[in-house]
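In: 3D, please:
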Amino acid sequence: MTEVHSPLSSPDAGSGLHIDRLCFLDSGPFSLHASHGECVGITGRSGIGKTQLLRAVADVIAHDGECWLDGQACSSVKAPQWRRRVAMVPAESFWWYDTVAPHFPSGLTEEMTRVRLRKLGFGDDVGKWQVSRLSTGERQRLSLVRSLVLNPMVLLLDEPTSALDLKTASLVEEMVKELCCQEDMICLWVSHDLDQLGRVAHKTLTLHNHGFTEEKR
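Out: I've put the predicted structure just below:
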């Protein structure tokens with residue numbers, strides 16, 4: 001493994017997502033760069049702070065340091081606006097209505113949303129499904145599609161296939177690779193599965209208490 005040192009004190013390093021000396025709780029500083037169209041895998045032992053890192057990047061928890069997206073600092077943007085650009089898909093998603101469709105801003109009428117749902121194995125009747133009867137894996141897949149409705153520039157994925165079998169997980173992998181390749185989306189993908197990160201990520205970083213090391217291919 002090789003140590004990763006990429007401190008960024010200004011947005012002048014170019015486009016993409018820049019995480020500059022980010023600190024939260026008792027962890028950090030963390031710095032990394034992800035270009036448009038790039039998926040960065042993040043792994044590490046349980047409890048090290050992988051989920052909290054994503055939450056800090058999404059500006060959900062208090063943190064020091066800065067995140068930049070195409071030269072704009074997170075601190076200069078209102079939190080709801082930042083979270084539309086930098087969307088986090090948690091391992092366990094939250095649902096408020098009895099059925100699926102009301103959780104999508106336009107229901108399930110938008111063709112792109114319907115296409116994405118089909119790609120992840122859902123039929124056109126999924127909007128009528130009762131949320132209480134959804135499996136954890138179904139919620140994970142639906143949460144991913146729901147996060148894409150607002151056309152974010154960055155996806156923060158926290159163990160997005162942890163409840164899926166290999167066949168269904170491959171559908172998610174293919175969708176994310178397609179988003180990066182065809183739509184120039186940036187992705188940070190947290191997983192314990194190094195084989196999976198080898199398939200989806202352009203590089204994989206191991207999280208430690210005070211930085212990253214890069215996994216050699």
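
In: Whichever strand or helix holds residue 138 - contacts with which helices or strands?
Out: Secondary-structure assignment from DSSP states H and E places residue 138 in helix 136-148. Applying 3 or more Cβ pairs under 8 Å, 6 or more residues apart in numbering; DSSP states H and E, one finds that helix 136-148 contacts strand 86-89, helix 111-119, strand 154-158, helix 166-183. All C-beta spots, glycine's among them, are computed from the backbone N, C-alpha and C.

In: can you give me the mean pLDDT across the shortest one?
Out: The predicted model gives strand 86-89 an average pLDDT of 97.

In: The second one too?
Out: Rounded to a whole number, the mean pLDDT of helix 111-119 is 95.

In: so how far is that helix from its chain's centroid?
Out: 19 Å (Cα atoms, centre = their mean, to the nearest Å).

In: Going by neighbour count, list what's buried in it.
Out: For helix 111-119, a neighbour-count test (16 or more other Cβ atoms under 10 Å) marks 113-114, 116-117 as buried.

In: Need the contact partners of stretch 95-114.
Out: 117, 124, 126-132, 134, 139, 142, 145-146, 148-150 (Cβ atoms under 8 Å, 6 or more residues apart in numbering).

In: how about the CA coordinates for it, as CSV?
Out: The C-alpha coordinates for stretch 95-114 follow below in CSV (Å, rounded to 0.1, in the frame of the first residue of the first chain):
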residue,chain,number,x,y,z
TRP,A,95,-39.2,6.1,4.0
TRP,A,96,-42.2,8.3,5.0
TYR,A,97,-45.2,7.2,3.0
ASP,A,98,-47.1,4.0,2.8
THR,A,99,-46.3,3.3,-0.8
VAL,A,100,-43.3,3.8,-3.0
ALA,A,101,-44.4,6.4,-5.6
PRO,A,102,-44.9,9.4,-3.3
HIS,A,103,-41.3,9.2,-2.3
PHE,A,104,-40.4,10.4,-5.8
PRO,A,105,-40.9,14.1,-6.6
SER,A,106,-42.9,13.4,-9.8
GLY,A,107,-44.2,10.0,-8.8
LEU,A,108,-42.9,7.5,-11.3
THR,A,109,-44.0,9.3,-14.4
GLU,A,110,-40.5,10.4,-15.6
GLU,A,111,-39.2,8.0,-18.3
MET,A,112,-35.6,8.0,-17.0
THR,A,113,-36.8,7.0,-13.6
ARG,A,114,-38.9,4.2,-15.0
